[in-house]
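Peer 1: Show me how the following folds:
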Amino acid sequence: MAHLFICPNCGNRTTESERNAGFRRQARGCAKCGFGFLFELLDDYYPAPDAAFFVCDQQGKVLACGRGSFELTGLDDERVIGRPVRDVLGLRFEDGDDPVGTVLEWGVRKLKQTVEVNAEGDLPAQATADLFPAYDDDGGMLLVLTPSK
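Peer 2: Predicted coordinates for the structure are as follows:
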């Protein structure tokens, strides 16, 4: 069975039959832009053209900002990396839910979550969040925010 992968940096989608490169335990990087790792989707997923990508570690701190992140938040990488994603993006989910915590703790996907994004120094904006766990030994997650029209 082939697995679907997406690069959080450039949004490139690939289909691979294996998660690791060759016989090594090293995770595959993006063949298009060279970004250090890909996220496995497990089903068909197409982000919107204006979607913003954020890669987080197992504690929910931002490791990398991908395609669309600056356009959505106005924050550059230096102001975001190493900080908790909930705080730096001011995420407030519908009904007070915590999909970030659920994805990090349980390793499950949470799709189409309504969220208000209030990045530092910016006006609040409505968005839809899709969260994907990292299926590796380190944990973490991919957060994809699509601005509401």
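Peer 1: Just the helices from the chain, written as ranges.
Peer 2: 69-73, 77-80, 85-89, 99-106 (DSSP state H).
Peer 1: Using TSV, lay out those helices together with mean pLDDT.
Peer 2: Supplementary listing: the helices of the chain in TSV, determined by pLDDT from 0 to 100:
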stretch	mean pLDDT
helix 69-73	88
helix 77-80	90
helix 85-89	94
helix 99-106	95
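Peer 1: Residue 40 is nearest to which of those?
Peer 2: Residue 40 lies closest to helix 99-106 among the helices of the chain, at 13.7 Å (Cβ to Cβ). (C-beta placed from N, C-alpha, C; glycine too.)
Peer 1: List of residues touching that closest one?
Peer 2: Helix 99-106 is touched from outside by 56, 58-60, 85-86, 91, 93, 108-110, 113, 129, 131-133, 139-141, 143, with contacts defined as Cβ atoms under 8 Å, 6 or more residues apart in numbering.
Peer 1: And stretch 50-70, by the same measure?
Peer 2: By Cβ under 8 Å, 6+ apart, stretch 50-70 touches 7-11, 35-37, 39, 47, 71-73, 75-77, 80-86, 88-89, 100-101, 104, 138-147.
Peer 1: what's the first-to-last distance across it?
Peer 2: 11 Å (Cα to Cα, to the nearest Å).
Peer 1: Centre of the chain to that stretch, how far?
Peer 2: Taking Cα atoms, centre = their mean, to the nearest Å, one finds stretch 50-70 lying 5 Å from the centre of the chain it belongs to.
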